[in-house]
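Student: Sequence first, predicted model second:
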Amino acid sequence: MPSTAPTRKGSRNRSRNNGRSRTVAAGFLLPALLLLGALVVYPIGYSVQRSLFDRSGDSFVGLDNYLSLVTDDSLRTAVRNNLIWLVLAPAVATALGLVFAVLTERVRWGTAFKLVVFMPMAISMLAAGIIFRLVYEQDPDRGVANAVWVGVHDTFAESSGFPRARPLPVHPLKAAGGGAFVTEEPVRAGEPVRLPLIGVAPAQMPEEARPAREPAPAAGTVVGTAWLDFTRGGGGRPNAVDPAELGLAGLRIEAVRDGEVVARATAAADGTFALPADRVDGAVLRLPASNFREQYNGVEWLGPSFVTPAVIGAYVWMWAGFAMVLIGAGLAAVPRELLEAARVDGANEWQVFRRITVPLLAPVLAVVLVTLMINVLKVFDLVFVIAPGSAQDDANVLALQLYRSSFGTDADLGIGSAIAVLLLLLVVPVMVFNIRRLRREARR
Amino acid sequence: MSRSADVRTRPAVARIAARAAGGAVRVFLVLTGLFWLLPTVGLLLSSLRSPSDIAAGGWWQVFTAPARLTTENYAHLLANDTITGSLASTVMITVPSTLLVLAIGSFAGYAFAWLEFPGRDWWFLGVVALLVVPVQVALVPVSKLFGAVGLFETTLGVVLFHTAFGLPFAIFLLRNFFAEIPRELLEAARLDGAGEVRLFTRVVLPLGGPAIASLGIFQFLWVWNDMLIALIFADSQSPPITVALQQQVRQFGNNVDVLAPGAFVSMVVPLVVFFAFQRQFASGVMAGAVK
């Protein structure tokens, strides 16, 4: 703080000056002090006092409102979620920011990348919330997160072809438990097997499916047909391959003898299949449950178990750019010679990063982490907007609970004020730090 | 193997490795950049699709049928009085809040930097202490206070709240900036007989330009993007755009044709400010993020 004491010219002069400059100073300060006093300082006192009274505000309850933050179930969820936020969000955002800052330094178009990642800082949490409501839509045909997830999932796990397909009572198939079906009778070479099913919507049939046919018996094989025993518009006979009926192309068939699978086949486009008679004769055929599993529908991002990580993802999207830019500024101040010297000494890039860059950046990283923690403590908009009404209890955080307790239908101003005071208490260390730093600078 | 051969081959290997690593870094950055853009692109493309297309499938389908993009959602949105009214409310709240913070903040910043009064440093410490006070502390008390004086659910109430909570940072930033002004400049003006007010408007304000610009941009975006304070204190009949859209989110699913263009319209001003004033934006956000 620079010294601003007026030059001494004589005591009379000074006192007159002081009197006048006091009035001037008061004039300059008054609007600020009035607003701060009425809308910031007074509310702190009010909240502290109100937090010690019950819902009605009439009876003094001491610290009961604070205790209910750990005893009441829904409040405890808010506290627990805030802790998850506090641990995850700043750490992930800072780590990403560090990686981005270090990598963009060495690329010519790094600025363009920085612009893209920093851009979300400019928009409102509401807009970001709407953006991520779209991303997290459950239906894989509409939400991009599930579209990608289901795409990856179906690449690695075979998707089932015929969810909800089932035999009719007249069909020679029975349920075998676990969603599989088996033939009621053992199969014999020379007797074509019929595997009719119903319950597949025409639009859900595989594109390659062709009209089903019954194969002619052939020596050395057990042959048969798996088909959709349903003629559109009616007129089909149950348990008979009618002309318009389609083969269940791709249906998986297993031959089972004494509980062991002895052969496998897959129905062709026209539903026909063949199995080696020497192994299969006398076995039963099973349609394994994998044929009938419900189609994989992706992750329920905004359901009870994933909603908090999902919202944290949106937060990281917004704030990683903040960490990146701050860390980037710190990085620019790291002396190049130090890094070069280490490289000349044979350190590889990872060692340079781990042993020199990160330790030199430690103060900046601490500032970023603390800033994000303060910010995360008060997170409200994103949760309020992204979590659907049904998941808000599971996604609850302190600032959201404060809003509900203060302005919701089940208002309890005692609880609301206690949360407000708690949020304030949690930032007191930062407050003290700011003041100390200022006084240190002033002494210099 | 001789030593000299070792020395000669090493740089070549290192060079190839470095080039490969550089390539990997580029690929990583391009993919990450696209990944970061994806959600926003999704919103933009969704906002340009007809309601029936939105219902039928995701925005990525436009890549197979690009001719189906339409601006009719925007036309509907801008013909909707609730939305245009809420945009006007946003402006009515944002502009005065920004100007008031700049004016009151620079008065106080000047007083703390250059005027003599008893306990000045203590008062300033008090202001610094208020830097990190969360707005949440004031929601209930101020709504009671505003209720008592008839400011609850009024534009003036929202403006005053934003101004009050913008002040600690404004005063802190501007005091530090003003304190850097060379003493001789002020002394010279004083000797010429300039009063404090004249000194402030003719010398301090023009020199404080860059800091005032950064602060103004930060405060402007802060208020423009605010939802919580408006949710509580704004007139529920003509809320700002954030609150108007938030009310739509409750029925999320069948109103993407309103939400997506609405969100984009609300983002246009911040994005323009962001791209036009990158440097000031960055320095404002850096300094003010604790808020």
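Tutor: Okay, I see it. Treat the numbers as computed from the prediction; the structure is a model and nothing was measured. Numbering: from 1, shown residues only, chains lettered A, B, ... in the order given.
Student: so the nearest residue to B:Phe107 once chain neighbours are set aside is in which element?
Tutor: With Cβ to Cβ, 6 or more residues apart in numbering or on different chains as the criterion, B:Phe107 has its nearest non-adjacent residue at 4.5 Å, and that residue is A:Phe28. Where C-beta positions appear, they are placed from N, C-alpha and C, glycine not excepted. Counting by DSSP states H and E, the element that carries A:Phe28 is helix A:11-36.
Student: How many neighbouring residues does B:Thr71 have?
Tutor: Using other Cβ atoms under 10 Å in any protein chain shown, B:Thr71 has 11 neighbouring residues.
Student: and it, what are its phi and psi?
Tutor: Per-residue torsions, B:Thr71: phi -100, psi 10 (degrees, to the nearest 10).
Student: And the next helix or strand past the lengthiest helix in chain B?
Tutor: Determined from DSSP state H, the single longest helix within chain B is helix B:3-47. On the C-terminal side of helix B:3-47, the closest following helix or strand by DSSP H and E is helix B:51-56.
Student: which phi and psi does A:Arg182 have?
Tutor: Not Arg; residue A:182 is Val. phi -130, psi 160.
Student: now swap in the one 5 residues further on and tell me
Tutor: As for A:Val187, its main-chain torsions (degrees, to the nearest 10) stand at phi -90, psi 150.
Student: Who are the contact partners of it?
Tutor: The contact partners of A:Val187, by Cβ atoms under 8 Å, 6 or more residues apart in numbering or on different chains, come to A:193, A:222, A:224, A:255, A:280-285.
Student: Which residues does A:Pro196 form beta bridges with?
Tutor: A:Trp227 (DSSP bridges).
Student: Look up how far A:Gly179 lies from it.
Tutor: Between A:Pro196 and A:Gly179 the distance, using Cβ to Cβ, to the nearest Å, works out to 18 Å.
Student: neighbour count winner among the two?
Tutor: Taking other Cβ under 10 Å, A:Pro196 and A:Gly179 do not tie; A:Pro196 has more neighbours (24 against 17).
Student: Helix or strand for A:Val200, just tell me which one.
Tutor: Here A:Val200 sits in a region with no helix or strand, counting by DSSP H and E.
Student: excluding its backbone neighbours, what's nearest it?
Tutor: Leaving aside its chain neighbours, A:Val200 sits nearest to A:Ala165 (4.9 Å; criterion: Cβ to Cβ, 6+ apart).
Student: Would you mind measuring from the one you found to A:Ala201?
Tutor: Remark: distance between A:Ala165 and A:Ala201 (Cβ to Cβ) = 10 Å.
Student: ok, the two, which is more surrounded?
Tutor: A:Ala165 (20 against 9).
Student: That one reaches A:Ile198, doesn't it?
Tutor: Yes: applying Cβ atoms under 8 Å, one finds A:Ala165 in contact with A:Ile198, separated by 7.1 Å.
Student: which residues do the two both contact?
Tutor: A:Leu228.
Student: these two touch, right, B:Pro141 and A:Ala38?
Tutor: No: look at B:Pro141 against A:Ala38 with Cβ under 8 Å: they stay out of range, at 9.7 Å.
Student: between those two, which one's more packed in?
Tutor: Comparing B:Pro141 with A:Ala38 by neighbour count (other Cβ under 10 Å), the higher total belongs to B:Pro141, at 23 against 17.
Student: Next up, identify which helix or strand the more buried one is on.
Tutor: Counting by DSSP H and E, the secondary-structure element that holds B:Pro141 is helix B:136-149.
Student: What of A:Arg194?
Tutor: Counting by DSSP H and E, the secondary-structure element that holds A:Arg194 is strand A:193-197.
Student: In terms of secondary structure, what does that strand contact?
Tutor: Under the contact criterion of 3 or more Cβ pairs under 8 Å, 6 or more residues apart in numbering or on different chains; DSSP states H and E, the helices and strands touching strand A:193-197 comprise strand A:173-175, strand A:181-183, strand A:221-228, strand A:284-287.
Student: Comparing the ones you listed, which comes out most buried?
Tutor: Among the helices and strands packed on strand A:193-197, ranked by average contacts under mean count of other Cβ atoms under 10 Å in any protein chain shown, first place goes to strand A:221-228 (a mean of 25).
Student: what residues are up against the residue nearest to A:Val200?
Tutor: For A:Ala165, the residues meeting the contact criterion (Cβ under 8 Å, 6+ apart) are A:197-200, A:228, A:248, A:291-292.
Student: Tabulate those residues in JSON lines, adding columns for distance to A:Ile123.
Tutor: Output for those, formatted as JSON lines (distance: Cβ to Cβ, whole Å):
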{"residue": "A:Leu197", "distance to A:Ile123": "52"}
{"residue": "A:Ile198", "distance to A:Ile123": "52"}
{"residue": "A:Gly199", "distance to A:Ile123": "48"}
{"residue": "A:Val200", "distance to A:Ile123": "46"}
{"residue": "A:Leu228", "distance to A:Ile123": "51"}
{"residue": "A:Leu248", "distance to A:Ile123": "50"}
{"residue": "A:Asn291", "distance to A:Ile123": "47"}
{"residue": "A:Phe292", "distance to A:Ile123": "45"}
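Student: B:Ile171 and A:Leu39, how far apart?
Tutor: The spacing between B:Ile171 and A:Leu39, counted by Cβ to Cβ, is 14 Å.
Student: Can you get me a residue count around B:His76?
Tutor: Around B:His76 sit 14 other residues, with neighbours defined as other Cβ under 10 Å.
Student: need the contact list for it.
Tutor: Shown here is B:His76, whose contacts under the criterion Cβ under 8 Å, 6+ apart are B:257-258.
Student: In which helix or strand does it reside?
Tutor: Using DSSP H and E, the element containing B:His76 is helix B:72-78.
Student: in that helix, what counts as buried?
Tutor: Buried residues in helix B:72-78, counting neighbours by 16 or more other Cβ atoms under 10 Å in any protein chain shown, are found at B:73-74, B:77.
Student: With pLDDT and distance to A:Asn81 added, can I get those residues in a markdown table?
Tutor: What follows is the buried residues of helix B:72-78, written out as a markdown table (pLDDT from 0 to 100; distance: Cβ to Cβ, whole Å):
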| residue | pLDDT | distance to A:Asn81 |
| --- | --- | --- |
| B:Asn73 | 88 | 35 |
| B:Tyr74 | 90 | 37 |
| B:Leu77 | 86 | 34 |
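Student: Distance to A:Val379 added to those residues, as TSV?
Tutor: As requested, these are arranged in TSV below (distance: Cβ to Cβ, whole Å):
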residue	distance to A:Val379
B:Asn73	30
B:Tyr74	31
B:Leu77	29
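Student: how about the helices in the stretch 201-350 of chain A?
Tutor: In the stretch 201-350 of chain A, the helices defined using DSSP state H, counting those that start in this stretch lie at A:277-280, A:307-332, A:336-344, A:349-352.
Student: What about B:Ala230, how many residues nearby?
Tutor: 27.
Student: is chain A contacted by the helix or strand containing it?
Tutor: Assigned by DSSP H and E, B:Ala230 falls within helix B:228-233. Yes: looking at helix B:228-233 against chain A by Cβ under 8 Å from any Cβ of the partner chain, the contacts come from B:228, B:231-232.
Student: what distance separates the start and the end of stretch A:98-114?
Tutor: End-to-end distance of stretch A:98-114: 12 Å, with Cα to Cα, to the nearest Å as the criterion.
Student: So which bits of that stretch are buried?
Tutor: Residues A:98-104, A:107, A:110, A:113-114 are the ones in stretch A:98-114 that count as buried (16+ other Cβ under 10 Å).
Student: Which two among these are spaced furthest apart?
Tutor: Of all pairs drawn from the buried residues of stretch A:98-114, the one with the largest separation by Cβ to Cβ is A:Leu98 and A:Val107; the distance is 15.7 Å.
Student: Please name the residues that touch the residue most central in space within chain A.
Tutor: Among the residues of chain A, A:Ala310 comes closest to the average C-alpha position under Cα atoms, centre = their mean, at 1.9 Å. A:Ala310 makes contacts with A:132, A:136, A:301-302, A:386, as judged by Cβ under 8 Å, 6+ apart.
Student: same check, this time on A:Thr77
Tutor: Remark: with contacts taken as Cβ under 8 Å, 6+ apart, A:Thr77 is in contact with A:393-394, A:396.
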